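A.B. asks: Build me a model from this:
(one chain, ligands or ions: 1)
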Amino acid sequence: MTLHPNVTLVDHPLVQHKLTLMREKETSSAVFRQLLREISTLLTYEVLRDIPLTTKTIETPLEEMQAPVLAGKKLAFISILRAGNGLLEGMLDLVPSARVGHVGLYRDHDTLQPVEYYYKVPRNIEDRLVIAVDPMLATSNSASAALTRLKEGGAKNIKFVCLLAAPEGIEALTTAHPDIPIFTAAIDTRLNEKGYILPGLGDAGDRMYGTK
Ligand code: URA
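C.D. replies: Alright, predicted model coming up:
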């Protein structure tokens, strides 16, 4: 499979193993959430690989040194509701000082257009590296609309993180947002007629919260 240049596939064995456990239908909601949290720290590690460092003077027990630290507090993690919240936890485990925002959209049954029901993001979004998260990149309709909304809100530097992507979702998202890199733990086979990813893991929100 040739990867689209915008896509980073995080195929670390630990990620793949945990993802398999998540896919299994007998996995409980509690275990599913825990695995999602663990995988999201590993995805975050990869997505933040090139964030800038600066140095500060510290004293070790032996001598003074110029030691590397993250430059500034310029990160914003944005959860695309509701399943994005499952990825958020692990990201905050790794970067507790990051600012957090939420975007909620639903699709109007008549117009088929996305309707915003919630939008709250950190101030100065235009100066931040924005990491937008949604576990399932299926049709990409909601992710794409959320990313458009973030751009309208001023975000300029955005990366998108998901757990699973369908080839159709990657195609649509890279076409709509060619400037946004995508990080995913797996690219599955296809979408079914209801827009679910195959083989997938089912409805991520329902599996996280036991709503089905
Ligand atoms: N959203 C989900 O939760 N699962 C899918 O397979 C597709 C979209």
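A.B. asks: right, and the helix or strand after the lengthiest strand in the chain?
C.D. replies: When the chain is parsed with DSSP state E, its longest strand is strand 99-107. Going down the chain from strand 99-107, the next helix or strand is strand 114-120, by DSSP states H and E.
A.B. asks: helices and strands around that following strand, which ones?
C.D. replies: Using 3 or more Cβ pairs under 8 Å, 6 or more residues apart in numbering; DSSP states H and E, the elements in contact with strand 114-120 are strand 99-107, helix 141-152. For the C-beta atoms, the positions are set from N, CA and C on the backbone; glycine is no exception.
A.B. asks: chain center to the helix or strand harbouring Ile170, what's the gap?
C.D. replies: Here Ile170, judged by DSSP H and E, is contained in helix 167-176. Offset of helix 167-176 from its chain centre (Cα atoms, centre = their mean, to the nearest Å): 15 Å.
A.B. asks: hang on, the earlier thing: if we go by neighbour counts, what in the longest strand of the chain is buried?
C.D. replies: Across strand 99-107, burial judged by 16 or more other Cβ atoms under 10 Å covers 99-105.
A.B. asks: Which single one of these is nearest to the ligand?
C.D. replies: Leu105 (13.4 Å; Cβ to the nearest ligand atom).
A.B. asks: Once you drop chain neighbours, what's closest to that closest one?
C.D. replies: Closest residue to Leu105 apart from its sequence neighbours, by Cβ to Cβ, 6 or more residues apart in numbering: Pro114 at 4.4 Å.
A.B. asks: what's the lengthiest helix in the chain in contact with?
C.D. replies: The longest helix of the chain (DSSP state H) is helix 29-47. If you take Cβ atoms under 8 Å, 6 or more residues apart in numbering as the criterion, helix 29-47 is touched by 8, 10, 12, 14-15, 18-19, 21-22, 27, 86-91, 93-95, 131, 133, 135, 159, 161, 163, 183, 185, 204, 207-210.
A.B. asks: Show me what the next helix or strand along the chain from that helix pairs with in its sheet, parallel or antiparallel.
C.D. replies: Later in the chain than helix 29-47, the nearest helix or strand by DSSP H and E is strand 53-59. Paired neighbours of strand 53-59 in the sheet (DSSP bridges): strand 64-70 (antiparallel).
A.B. asks: tell me the mean pLDDT for the partner strand?
C.D. replies: The average pLDDT for strand 64-70 rounds to 96.
A.B. asks: do stretch 126-145 as well
C.D. replies: Here the average pLDDT along stretch 126-145 is 95.
A.B. asks: Also stretch 30-48?
C.D. replies: 97.
A.B. asks: where does the closest residue to Pro52 other than its chain neighbours fall, phi/psi-wise?
C.D. replies: Using Cβ to Cβ, 6+ apart and skipping the chain neighbours, the partner closest in space to Pro52 is Ala71 (4.3 Å). Main-chain torsions, Ala71, degrees, to the nearest 10: phi -80, psi 110.
A.B. asks: My read is that Ala71 contacts Thr55, right?
C.D. replies: No: counting by Cβ atoms under 8 Å, Ala71 sits too far from Thr55 to count as a contact (9.3 Å).
A.B. asks: which residues does the closest residue to Leu81 other than its chain neighbours contact?
C.D. replies: In this structure, Leu81 finds its nearest non-sequential neighbour in Gly104, 4.0 Å apart by Cβ to Cβ, 6+ apart. Contacts of Gly104 were listed using Cβ under 8 Å, 6+ apart, and they are 80-82, 116-119.
A.B. asks: Perfect, that will be all.
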